[in-house]
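Visitor: What follows is a predicted structure for the sequence shown.
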Amino acid sequence: MSPRHTTPQQDLFRGIWRENPVLIQMLGLCPALAVTNTVANSLVMGIATFFVLVGSSLLVSIVKKLVPNEVRISTYILIIATFVTVADMTLEAIVPDIHKALGAFIALIVVNCMILSRQEAFASKNTIGRSLLDAFGTGFGFIIAMLMMGVVREVLGAGTIFNVKVIPGNFEPWVIFILPPGGFLTLGFWLLLLNWFQERRAERAKVREWPEGVAEGRAA
Amino acid sequence: MTAPRQLEMRTDVPAWRLLVTLGVAGAIAGFVLVFVYQVTLPRIEYNKAVRLAAAVEEVLKAPHRYDTLYVFDDGLTARLPAGTDPKALEAVYVGYAEDGVRIGFAITRAEAGFADLINVIFGYDHATGNVLGMKVLESKETPGLGDKIEKDADFVASFNGVVAPIQGVKAGEGSGDPHEVDLITGATISSRTLVRIINNALERLEPMLDSYLATATASAAVEAAR
């Protein structure tokens, strides 16, 4: 398995959309389902994860030559866990209310497979600069996915965004959307929509490349 | 590119290097964490104190000032013997109006709810047996259902002036008894737990409040006689 050759731009942008960790790679689903019941929770969780990912990628890529292969996973986990604990304490000091709402899920960033997979697949094999680009892109993609979940769930489940009423009139909130099943429903609908778009785009590309071929295939 | 290099390396990595790597990484992580812990701790404790003070003010309906009493040796005392750590003790807060009249006590208690502990603070006027107000300090009840015990303003307000011991009744089935509080539809377990927490706290603390008030009145009388 030889590593793919990518440009720095690709390193940065691929994680944001085309290889979005949550929506495409299906990594880090636990926080994406569990804490996205409000926009504020989603955003803070996204930022905390972003911080841990960027910090860990930077450090892992700095020490990659010093760490023997045999203890690399233990070392990566140690690095990630340290960043998570720092984020945990900082959030408790700065935004105690949101820290309370996120509860145990902050500590669980340690086992977010998206973060470890970026260390294993990228930061431990690439230069510091490109690891940072990759972490920025992936972390930003994670924040976007969290917000996509959080906005839908809070608007439908509570009629608000950041606790500000956005649906006028006597809207009776669909409570199910801020309950756990709502997380699965929202993720399911987003994936359905995105896959549908992707399939349609792929088909159009095919038509552009082989207009006659596709037409013949259809006819037959 | 990378895979073969790592395979070659595997043969000549001495054990001490593995130990040193993990040891150094662990030591650095330890230093970082201790540093961040010490930097954030004052702020975290300050946040907690602010939240508690605001809650005491709220459930005692804005007292002029309040004192902290500790549950010590089956009684309430404001002054602890030297060497006792106040943080390890349960605390009750007693609030006074501007003219020095005692408004009531703010009492905290935590018990298991539907999900994890529900930590409640409530104000209590011992003379009349009225609950003055209630606030949930901490809970992990289901968002959208059980968390109504803190977010449903009507439910929270229904504790203002209810007479202890409280009786939870289904919404709309009350008989107008001053002991009754309407439970929340969809949060029956959580709201019933809340009622139980307050009743249990009072059952346990009532004798202590009695004896504290007896001594406080006696010493006030001595003061007045002087």
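Guide: Nice, thanks for sending it over.
Visitor: and chain B, which residues reach chain A?
Guide: Proximity of chain B to chain A, by C-beta under 8 Å from any C-beta of the partner chain, involves residues B:1-3, B:6, B:9-10, B:13, B:17-18, B:21-22, B:25-26, B:29, B:32-33, B:36-37, B:40, B:43-44, B:47-48, B:51, B:138, B:140, B:142-145. To be clear about C-beta, it is placed using only N, CA and C from the backbone, and glycine gets the same treatment.
Visitor: Walking through the chain, point out its strands one by one.
Guide: No chain specified, so I'll use chain A. Here chain A has its strands, by DSSP state E, at A:160-161, A:164-165.
Visitor: not what I meant, chain B
Guide: Using DSSP E, strands in chain B cover B:65-72, B:75-77, B:91-96, B:102-112, B:117-125, B:130-138, B:167-169, B:180-182.
Visitor: Let me have these in a markdown table, adding distance to A:V22, mean pLDDT and mean neighbour count as columns.
Guide: Listed next are those as a markdown table, based on distance: least, C-beta to C-beta, whole Å; pLDDT from 0 to 100; neighbours: other C-beta atoms under 10 Å in any protein chain shown:
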| stretch | distance to A:V22 | mean pLDDT | mean neighbour count |
| --- | --- | --- | --- |
| strand B:65-72 | 47 | 85 | 16 |
| strand B:75-77 | 53 | 81 | 17 |
| strand B:91-96 | 44 | 88 | 20 |
| strand B:102-112 | 34 | 89 | 20 |
| strand B:117-125 | 32 | 90 | 23 |
| strand B:130-138 | 30 | 89 | 21 |
| strand B:167-169 | 42 | 87 | 17 |
| strand B:180-182 | 42 | 88 | 18 |
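Visitor: Ok, which of those comes nearest B:I198?
Guide: Nearest to B:I198 among those is strand B:117-125; the distance by C-beta to C-beta comes to 5.5 Å.
Visitor: List the pairing partners of the closest one within its sheet, with orientation.
Guide: strand B:102-112 (antiparallel), strand B:130-138 (antiparallel) (DSSP bridges).
Visitor: between the shortest one and strand B:91-96, how many degrees?
Guide: Comparing the axes of strand B:130-138 and strand B:91-96 via axes from the mean of the first three to the mean of the last three C-alpha atoms, to 10 degrees yields an angle of 140 degrees.
Visitor: Any chance you could list what contacts strand B:130-138?
Guide: By C-beta atoms under 8 Å, 6 or more residues apart in numbering or on different chains, the list of residues contacting strand B:130-138 from outside reads A:100, B:51-52, B:55, B:58-61, B:103-104, B:108, B:110, B:117-125, B:149-150, B:156, B:159-164, B:166, B:194, B:198.
Visitor: Could you list the low-pLDDT ranges of chain A?
Guide: Low-confidence segments of chain A (pLDDT under 70): A:1-4, A:211-220.
Visitor: most residues in a single helix of chain B, which one?
Guide: helix B:15-59 (DSSP state H).
Visitor: elements contacting that one?
Guide: Counting contacts by 3 or more C-beta pairs under 8 Å, 6 or more residues apart in numbering or on different chains; DSSP states H and E, helix B:15-59 packs against helix A:72-94, helix A:96-102, strand B:102-112, strand B:117-125, strand B:130-138.
Visitor: Let's see that with 10 Å instead.
Guide: Where contact means 3 or more C-beta pairs under 10 Å, 6 or more residues apart in numbering or on different chains; DSSP states H and E, helix B:15-59 is packed against helix A:39-63, helix A:72-94, helix A:96-102, strand B:65-72, strand B:91-96, strand B:102-112, strand B:117-125, strand B:130-138.
Visitor: tell me the angle the fifth one makes with helix B:15-59.
Guide: With the same axes, to 10 degrees defining the directions, strand B:91-96 sits at 30 degrees from helix B:15-59.
Visitor: Now do strand B:91-96: distance to the chain's middle.
Guide: Here strand B:91-96 is found 13 Å from its chain centre; the criterion is C-alpha atoms, centre = their mean, to the nearest Å.
Visitor: Can you show me the CA trace of stretch A:37-57 as CSV?
Guide: Output in CSV follows, covering the C-alpha atoms of stretch A:37-57 (Å, rounded to 0.1, in the frame of the first residue of the first chain):
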residue,chain,number,x,y,z
ASN,A,37,-29.2,18.1,20.4
THR,A,38,-28.4,21.8,20.4
VAL,A,39,-26.4,24.1,18.2
ALA,A,40,-24.3,25.3,21.1
ASN,A,41,-23.4,21.8,22.2
SER,A,42,-22.5,20.8,18.7
LEU,A,43,-20.3,23.8,18.2
VAL,A,44,-18.4,23.5,21.4
MET,A,45,-17.9,19.7,20.9
GLY,A,46,-16.7,20.5,17.3
ILE,A,47,-14.2,23.1,18.5
ALA,A,48,-12.9,20.9,21.4
THR,A,49,-12.4,18.0,18.9
PHE,A,50,-10.8,20.4,16.4
PHE,A,51,-8.3,21.6,19.1
VAL,A,52,-7.4,18.0,20.1
LEU,A,53,-7.0,16.9,16.5
VAL,A,54,-4.8,19.8,15.5
GLY,A,55,-2.7,19.6,18.7
SER,A,56,-2.2,15.8,18.4
SER,A,57,-1.4,15.9,14.7
